[in-house]
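Q: need a 3D model of the following:
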Amino acid sequence: MAYSQSNGTTTTLRGTAHASKGMTKKQGYTKLLLRFMLIAVILGTVFSFGAIVQAYAGDGTVTVSTPITSAQPSAQATQSEKVVIQSGDTLWGIAEAHKKKGENTRSYIEKLRAFNHLSNSSLQEGQVLLLPY
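A: Numbering: from 1, shown residues only. From the prediction side, this is the model:
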């Protein structure tokens, strides 16, 4: 406890810090720094986990492809136009070039994927795609 004298009277000052009691400024900064580091580690962990989940999560659709067992080409395959994939081709580019005027590109891509039994949008050079009419 600290004391103050003024005009010959002694009064007790409460609430003053003493080095042996309470927390010093250095300890306060250390505690604040530890809290900040703890929050940073927690946020980093949460964001890292979210990125990992997003990277490995699929779109939730399950596609089952079955091989065509018929030796005869289907009438649909013989009547549709074919495109041979070249280096740099994308489904978006093919859809833009071959869709009907006014048709939505995304819906045409879905038609392309369904028509060719594609489970994703990746294409290989030399692959043949049948274009829906």
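
Q: below-threshold pLDDT in this protein: ranges please.
A: 1-23, 58-79 (pLDDT under 70).

Q: residue boundaries of the helices in this protein?
A: With helices called from DSSP state H, the chain shows them at 25-56, 75-79, 91-98, 105-115.

Q: make JSON lines out of those and add distance to S122 and mean neighbour count.
A: For glycine as for every other residue, the C-beta is placed from the backbone atoms N, C-alpha and C. Output for these, formatted as JSON lines (distance: least, C-beta to C-beta, whole Å; neighbours: other C-beta atoms under 10 Å):
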{"stretch": "helix 25-56", "distance to S122": "16", "mean neighbour count": "10"}
{"stretch": "helix 75-79", "distance to S122": "22", "mean neighbour count": "10"}
{"stretch": "helix 91-98", "distance to S122": "9", "mean neighbour count": "15"}
{"stretch": "helix 105-115", "distance to S122": "11", "mean neighbour count": "15"}
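
Q: closest one to S121 among these?
A: helix 91-98 (5.0 Å; C-beta to C-beta).

Q: so can I have CSV of the helices of the chain showing distance to G126?
A: Converted to CSV, the helices of the chain look like this (distance: least, C-beta to C-beta, whole Å):
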stretch, distance to G126
helix 25-56, 29
helix 75-79, 18
helix 91-98, 14
helix 105-115, 17
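
Q: what about the ones you listed, which gets the closest to V128?
A: Closest approach to V128 among the helices of the chain (C-beta to C-beta): helix 75-79, 10.2 Å.
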